[in-house]
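In: Provide a 3D model corresponding to the input given below.
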Amino acid sequence: MTDDVLHPRSPVHALLADGTTVCIRRVAPGDHARLERFYEELSPENLRLRFSAASRRSAALAADRACGPARPGYRALLAETQGRVIGLAEYDTGEDAKDSAEIFIAVADGLHHRGVGTLLVEHLVFAARTEGITTFTADALSENHEVVRLFADLGLRVTRRFDGPEVRCTVELDEDDAYLSAVEARGRSADVASLRPLLRPKIVAVVGAGRKPGSVGRAILHHLHAAGYAGRLTAVNPAAHSILGVPCHPSVSSLPRTPDLAVLAVPAAVIPKTAEECGRAGVRALLVVTAGLDSHQAQALLSTCRTHGMRLVGPNCLGISNTEPELRLDATFAAGHPRPGTAGVAVQSGGVGIALLDGLSRLGIGVSSFVSLGDKYDVSGNDMLQWWESDGRTDLALLHLESFGNPRAFSRTARRVTRRMPVLTVDAGRTDAGRRAAASHTAAAATRTMTRQALFTQAGVTATRSVGELLEAAALLHSQPLPEGSRVAIVTNAGGAGVLAADACAEAGLVLPPLSPTTVDDLLAVLPAGAAIGNPVDATAAVTEEQLGACVDRLMRCTGTDAVLVALVPTALAEATGDDLVRALTRSPGRRARPVAVVRLEQALPVELLPAADRGTIPSYAEPHAAA
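Out: Numbers count the residues shown, from 1 in each chain. So this is what the prediction gives:
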């Protein structure tokens, strides 16, 4: 949810291990009564482990210390949720030590093992480093296994020295890869957990579903019902008992069971009130499709979500979908249902989302989950990358992002995800005019072109310039293995088509290496007389289906080739038709190791996925530059 560090006066909202939200902030003098109440609610056993004695006086003194005047070498942070303090962590260098501080931690009863203490310590570690502190020490009872385990699991170097019933833990605050990896793994796990009520809800309520056709809420309710949503589906409408056969209730608070996900399709003026009602009822996630929120309404919505720990998609969005067979969630108002599959899609523009879903469906590429981010107040492309990384279904990620809330976090996440699956994006808002349009469209400033391009390059993200190009790239990466390098061999039955393909590859930064003498001899042995064996390979207009298949097979086995591009034009010289020549490409077992694509200049559509006997599909492009 956040990648920010704690500012002296600004709170940070973070996620616990179970996905719930807490606020981490510095203790202020006005917190004294709340801290006293926090300690008073601790059990005698919890107090004993914290202070080595069950003394309420010790608790009062601790509250006095935490809320006292600021002093060098001391810092106190608290964790709170819905106004309740649930954890406190402090460090104190004392009067003598300057680079070492003693640390104290207390967590509310019933909230252990959820990461409250760990989050507080992570923020204390950052603050301590900025003040030149290199070591934390903590004295605890040996039986206080919670604290001992907390330090051991941080990812920092920890030594323990036992002295009778007590243990002294010394934590080295050196920032190394092990610690950064541990922090990242904890954040990723918490983020995915927080998204489950949104993307795998067991109960969904549509708030604002109308009785008459034409309303967005009714359309979403219809989509959920028609798609066969496997969970419990309800609607909120004070003027109806049921809509489309779905039971209705007058308010969120009157629902018989608390929904995991509430879809809000009500006027902008009542969004803050409705969101507050959802939060008080215990709803864990909101999907707000409503557009046109003013700044006051927007701030109230976000504040409510943070206060009650609800994840938020939107506002101003098309909806979300998860095609898992055991769920079948389609909470969108798109014209049709996404085809089930393995491509994850996240967009800021609902219109772009509709175009992508239509294009993917035409190509036969199914979707694992789809999220229209809209104004992106909370859930972002970074969140979705982490979800797809762990959902066990997604193997291709498609993004349309007009802005990046935290480019550093996106880069770090995308860099990790691209090692497991291709990540494609549309480079939206790359001009001044585009950035102005993005600001008016989603109320978020688009990242500047050079910064964004560097971000994509560093993270290994494949950036395209249009929705069409995105679909073209998705077709290849969905159907073919990833190339190991940039070396391409071109085969054609017409010299001119080979020239166009060579130009397109060179302009895309690909390399056309010369063929080895052994490969040249192999190709001469299988191609018709008059074939020109270079790169491109001109197999001539007389090439047969068998000859073309043998040629591609040998090129795919060539160690100097990472991919093969076949450029074909229809001719009347050979018995084989254009379709026969394409079918020849599917019969080469060598294709399984390297990608192959075909260009058919007569093709009406920019890209198609053609049936292939051994791998399912093969991408076919109308233009060489699309394949390159």
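In: check contacts around the closest residue to Tyr39 other than its chain neighbours.
Out: Using C-beta to C-beta, 6 or more residues apart in numbering and skipping the chain neighbours, the partner closest in space to Tyr39 is Ala59 (3.3 Å). C-betas here are computed from N, CA, C, even on glycine. Ala59 makes contact with Glu36, Tyr39, Glu40, Leu42, Leu47, Phe51, according to C-beta atoms under 8 Å, 6 or more residues apart in numbering.
In: distance of Ala59 relative to Val289?
Out: From Ala59 across to Val289, the span is 48 Å (C-beta to C-beta, to the nearest Å).
In: again, but for Phe104
Out: 46 Å.
In: out of these two, which sits in the busier spot?
Out: Counted by other C-beta atoms under 10 Å, Phe104 and Val289 do not tie: Val289 has more neighbours, with 28 against 19.
In: surely the more buried one touches Phe333?
Out: Yes. Between Val289 and Phe333 a contact is recorded at 7.2 Å, counting by C-beta atoms under 8 Å.
In: which neighbours do those two have in common?
Out: Joint contacts of Val289 and Phe333 (C-beta under 8 Å, 6+ apart) are Val216, Ile220, Leu318, Gly319.
In: now the last one: closest residue in space that isn't a chain neighbour?
Out: Right, Gly319. Thr332 (3.3 Å).
In: how close does that neighbour sit to Ala508?
Out: To Ala508, Thr332 is 34 Å away according to C-beta to C-beta.
In: comparing these two, which shows the higher neighbour count?
Out: Remark: of Thr332 and Ala508, Thr332 carries more neighbours, 29 against 13, as counted by other C-beta under 10 Å.
In: other SSEs contacting the lengthiest helix in the chain?
Out: For the chain, the helix that runs over the most residues, judged by DSSP state H, is helix 177-199. Applying 3 or more C-beta pairs under 8 Å, 6 or more residues apart in numbering; DSSP states H and E, one finds that helix 177-199 contacts strand 12-15, strand 285-288, strand 311-313, strand 319-322, helix 381-390.
In: just the buried residues of it, please?
Out: Along helix 177-199, these residues count as buried under the neighbour rule (16 or more other C-beta atoms under 10 Å): 179, 182-184, 186-199.
In: cool, stretch 60-67 as well?
Out: Quick answer for stretch 60-67 (16+ other C-beta under 10 Å): Ala62, Ala63, Ala66, Cys67.
In: where in this structure is pLDDT low?
Out: Low-confidence segments of the chain, defined by pLDDT under 70: 1-9, 52-56, 97, 428-450, 572-592, 613-615.
In: mind redoing it with 50?
Out: 2-8, 434, 441, 445, 589-591 (pLDDT under 50).
In: walk me through the domains of it.
Out: When the chain is parsed with automatic domain parsing, its domains come out as 12-175, 194-309, 338-479, 483-627.
In: please name whichever of these is nearest to Glu326.
Out: Glu326 sits nearest to domain 194-309 of all the domains of the chain, at 6.1 Å, using C-beta to C-beta.
In: restricted to helices, list the contacts of Ala59.
Out: Glu36, Tyr39, Glu40, Leu47, Phe51.
In: for the residues you listed, which one is nearest Gly132?
Out: Nearest to Gly132 among those, with distances taken as C-beta to C-beta, is Phe51, at 28.6 Å.
In: leaving out the residues flanking it, which one is nearest to that closest one?
Out: Ser58 (4.1 Å).
In: sitting in helices, which of the buried residues of stretch 60-67 do you find?
Out: Checking those against DSSP H, those in helices are Ala62, Ala63, Ala66.
In: now, which of those sits nearest Leu515?
Out: Ala66 (74.0 Å).
In: just checking, that closest one touches Glu36?
Out: No. Counting by C-beta under 8 Å, Ala66 does not reach Glu36; the two are 10.2 Å apart.
In: roughly how far apart are the nearest residue to Glu131 once chain neighbours are set aside and Asp31?
Out: If the residues on either side of it in the chain are set aside, Glu131 comes closest to Gly73, at 7.4 Å by C-beta to C-beta, 6+ apart. Relative to Asp31, Gly73 is positioned 20 Å away (C-beta to C-beta).
In: okay, the two: which has more neighbours?
Out: Asp31 (20 against 17).
In: confirm the more buried one sits in a strand?
Out: No. The assignment for Asp31 is helix, going by DSSP: H, G, I helix; E, B strand; the rest coil, so no strand is present there.
In: from Arg84, how far off is it?
Out: On the measure of C-beta to C-beta, Asp31 and Arg84 end up 12 Å apart.
In: same question, Leu224
Out: Using C-beta to C-beta, Leu224 is found at 34 Å from Arg84.
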